[in-house]
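> heads up, no residue letters with this:
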């Protein structure tokens with residue numbers, strides 16, 4: 001399918017590598033750092049599902065709902081989406097607008113000024129999409145300009161993570177395949193196949 005091929009191509013072109021992820025705070029194939037918003041831990045209870053965390057502020061890409069619907073119609077289910085609004089005062093003031101435009105069933109979480117900044121804990125920035133596998137490990141961290149939803153990268157990352165146990169040793173994938181680990185077709189070692197797409 002187009003998704004894995006596109007992701008392999010992006011990795012082969014050197015758009016991002018796992019080592020870049022380590023330098024900007026994203027650690028591929030590691031569990032998300034512990035974080036809480038308003039006393040709750042949104043990553044709890046996500047085992048068995050692919051989890052997509054969108055770091056947005058003030059505005060929501062209208063195509064997020066269309067993306068979720070399209071993937072659902074194609075059998076990409078058990079995907080949990082959540083949006084984390086920025087902690088800055090202007091973004092907090094626009095929280096209602098962000099929440100109003102969120103697709104039904106997609107929670108919009110608002111950081112409070114006295115809480116640790118979740119964006120910073122996750123090594124993310126505005127319009128980043130972080131895709132976690134069924135075992136809660138970071139499979140993809142997609143940054144601007146690749147995170148624009150009219151481009152295929154976010155969709156491909158979700159589809160790929162839904163089907164393949166990229167990080168390996170996750171018993172929550174029914175048909176875990178190891179060919180992904182060697183990144184067949186791109187000629188790179190397993191450390192270079194998961195990636196952070198960004199500048």
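Thanks, I have the structure now. Just so it is clear, the model here is predicted, and its values are computed rather than measured. Residues are numbered from 1 along each chain as shown.
> Which residue, neighbours along the chain excluded, lies closest to residue 134?
Closest residue in space to residue 134, ignoring its immediate chain neighbours: residue 172 at 3.9 Å, by C-beta to C-beta, 6 or more residues apart in numbering. Any C-beta I mention is one placed from the backbone N, CA and C, and that applies to glycine too.
> Check which element follows the helix or strand of the chain with the lowest mean pLDDT along the chain.
Least confident helix or strand, the chain: helix 18-23 with a mean of 37, by mean pLDDT, DSSP states H and E. Using DSSP states H and E, the helix or strand that follows helix 18-23 in sequence is strand 50-56.
> Tell me which strands that next one pairs with, and in which orientation.
strand 79-85 (parallel), strand 128-132 (antiparallel) (DSSP bridges).
> which of the ones you listed is buried the deepest?
Most buried of the strands paired with strand 50-56, by mean neighbour count (mean count of other C-beta atoms under 10 Å): strand 128-132, with a mean of 24.
> Tell me if I'm right that residue 107 and residue 37 touch.
No. Counting by C-beta atoms under 8 Å, residue 37 is not a contact partner of residue 107; they are 9.8 Å apart.
> What ranges does this structure have for its helices?
2-12, 18-23, 63-73, 89-93, 95-101, 118-121, 153-163 (DSSP state H).
> where in the protein is pLDDT low?
The chain contains residues with pLDDT under 70 at 1-26, 61, 175-199.
> Go again with 80.
1-27, 58-62, 175-199 (pLDDT under 80).
> Run through the residues that contact the closest residue to residue 86 other than its chain neighbours.
Leaving aside its sequence neighbours, residue 86 sits nearest to residue 57 (C-beta to C-beta, 6+ apart; 3.7 Å). When contacts are counted by C-beta atoms under 8 Å, 6 or more residues apart in numbering, residue 57 touches 85-86, 88, 90-91, 94, 98, 126.
> Narrow those residues to those that are buried.
85-86, 91, 94, 98 (16 or more other C-beta atoms under 10 Å).
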